[in-house]
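Participant: this one's structure only:
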């Protein structure tokens, strides 16, 4: 169990060997896109596609979707019903961020330990890396994961300075913190695993 599979010794150029050790056999990975984005992400489909593409480029075979509410979805419903309550949500290296997907939406604003890193697909810690000067995460949701239609950058289609989106400040240890910000800001966008390689189908 949680042994972290470290050591990945000598695997010449395989900087991310540990990526492929699927951590707790059944877990949901929460990973950041490799660069911050403004509110104009070409809608939820555009954001989902970036999650999909970046996961694939790192050799990850599961499907990832953007951690965002939009006009057709509440954040809480992105993960399949069957997987919402019994799988831990982990970072790229398998360190637990949340005991389950549903625990994020229990009403405490998605409380987590901010000293547990959140990594991008290319393995950088978004909390300390300067590529993300502002440590805010777009989510467009209420504290319980319901879409906020006045605060989701027109369904993630605008970077207009006068339009707003709901974001969370990671250092506060609340993934669903309620900070209303201009859609022209460049913030972290997270992706969550929502289907696995066929390996994970036990149970």
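Facilitator: The structure has been received and is ready for your questions. Every value quoted in this text rests on a predicted model; they were computed, and no experiment measured them. Residues are numbered from 1 along each chain as shown.
Participant: List the buried residues in stretch 128-141.
Facilitator: Within stretch 128-141, the residues that count as buried by 16 or more other Cβ atoms under 10 Å are 129, 132, 135, 136, 137, 138, 139, 140, 141. All C-beta spots, glycine's among them, are computed from the backbone N, C-alpha and C.
Participant: got the end-to-end distance for it?
Facilitator: By Cα to Cα, to the nearest Å, the extent of stretch 128-141 from end to end equals 25 Å.
Participant: any weak-confidence spans in this protein?
Facilitator: Within the chain, the segments meeting pLDDT under 70 span 1-25, 196-203.
Participant: That one: helices as residue ranges?
Facilitator: Under the criterion DSSP state H, helices of the chain are mapped to 17-20, 43-57, 153-156.
Participant: any chance of these in TSV, plus mean neighbour count and distance to residue 188?
Facilitator: Converted to TSV, these look like this (neighbours: other Cβ atoms under 10 Å; distance: least, Cβ to Cβ, whole Å):
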stretch	mean neighbour count	distance to residue 188
helix 17-20	17	19
helix 43-57	18	12
helix 153-156	23	14
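Participant: Between which two of the buried residues of stretch 128-141 is the distance greatest?
Facilitator: Across the buried residues of stretch 128-141, the longest distance by Cβ to Cβ is 24.6 Å; it joins 129 and 141.
Participant: how close does residue 150 get to residue 140?
Facilitator: Look at residue 150 and residue 140: by Cβ to Cβ, to the nearest Å, they are 10 Å apart.
Participant: Ok, residue 95 next?
Facilitator: For residue 95, the distance to residue 140 - Cβ to Cβ - is 26 Å.
Participant: and if you look at residue 43?
Facilitator: Here the criterion is Cβ to Cβ. By it, residue 43 lies 12 Å from residue 140.
Participant: what is in contact with those two at once?
Facilitator: Common neighbours of residue 43 and residue 140, using Cβ atoms under 8 Å, 6 or more residues apart in numbering, are 70, 156.
Participant: Return the residues in contact with residue 182.
Facilitator: 161, 162, 163, 164, 165.
Participant: do you know how far it is from residue 69?
Facilitator: Distance of residue 182 to residue 69, given as Cβ to Cβ: 18 Å.
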